[in-house]
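Asker: what's the 3D shape of this:
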Amino acid sequence: YDGKCVFCRIAHREEQGTALLPCQYEDLVCFRDIKPGAPHHYLVVPVEHMGNCKTLKTEHIPLVKRMMEVGKAVLQGNNFSDLNDVRMGFHCPPFCSISHLHLHVLAPASQLGFLSRLVYRINSYWFIT
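Answerer: You can find the predicted model right below:
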């Protein structure tokens, strides 16, 4: 836990302004992005403080898979069912504004605006899917 990290504070329910969405795993939380790039834009965050996506190792594959499961479940819980029109990924440093691992879940990807298509570009130098 890092008290200076806003995602740690959100995960520990210390940020009153951030509503947590239903999540099937106790070690993950999900909430809406404050600057949405799509009609549905959620962040899936581990409760335990972790670095950015560059710190992920082979043993983190199950964690990333669960993060993606949560993203899909939240979309479906918010009446979005076309899972072929979804973009999920991580920003690479130095392009991540918060250095606590967080998965962006955006849908419908077909409705991303010009700037969002750049910021969340599939497998770009700054965003890995």
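
Asker: This structure: helices as residue ranges?
Answerer: In the chain, the helices defined using DSSP state H lie at 6-11, 61-77, 114-119.

Asker: List the buried residues of the last one.
Answerer: The reference is to helix 114-119. The neighbour-count criterion (16 or more other C-beta atoms under 10 Å) identifies 116, 119 as the buried residues of helix 114-119. For the C-beta atoms, the positions are set from N, CA and C on the backbone; glycine is no exception.

Asker: residues making contact with that helix?
Answerer: 37-38, 106, 126-127 (C-beta atoms under 8 Å, 6 or more residues apart in numbering).

Asker: In these, find the pair that's most separated.
Answerer: With distance counted by C-beta to C-beta, no two of these lie farther apart than Ala38 and Trp126, which are 17.2 Å apart.

Asker: With neighbour numbers in mind, choose between the two.
Answerer: Ala38 (22 against 16; other C-beta atoms under 10 Å).

Asker: so what's Ser81 up against?
Answerer: With contact set as C-beta under 8 Å, 6+ apart, Ser81 has these partners: Leu75.

Asker: List the contacts of Cys53.
Answerer: Contacts here follow C-beta under 8 Å, 6+ apart; on that basis Cys53 touches 90-92, 96, 101, 128.

Asker: Now do it, the pLDDT please.
Answerer: The per-residue pLDDT reported for Cys53 equals 92.

Asker: How much space separates it from Cys30?
Answerer: 17 Å (C-beta to C-beta, to the nearest Å).

Asker: now do Val119
Answerer: Here Val119 is placed at a distance of 20 Å from Cys30 (C-beta to C-beta).
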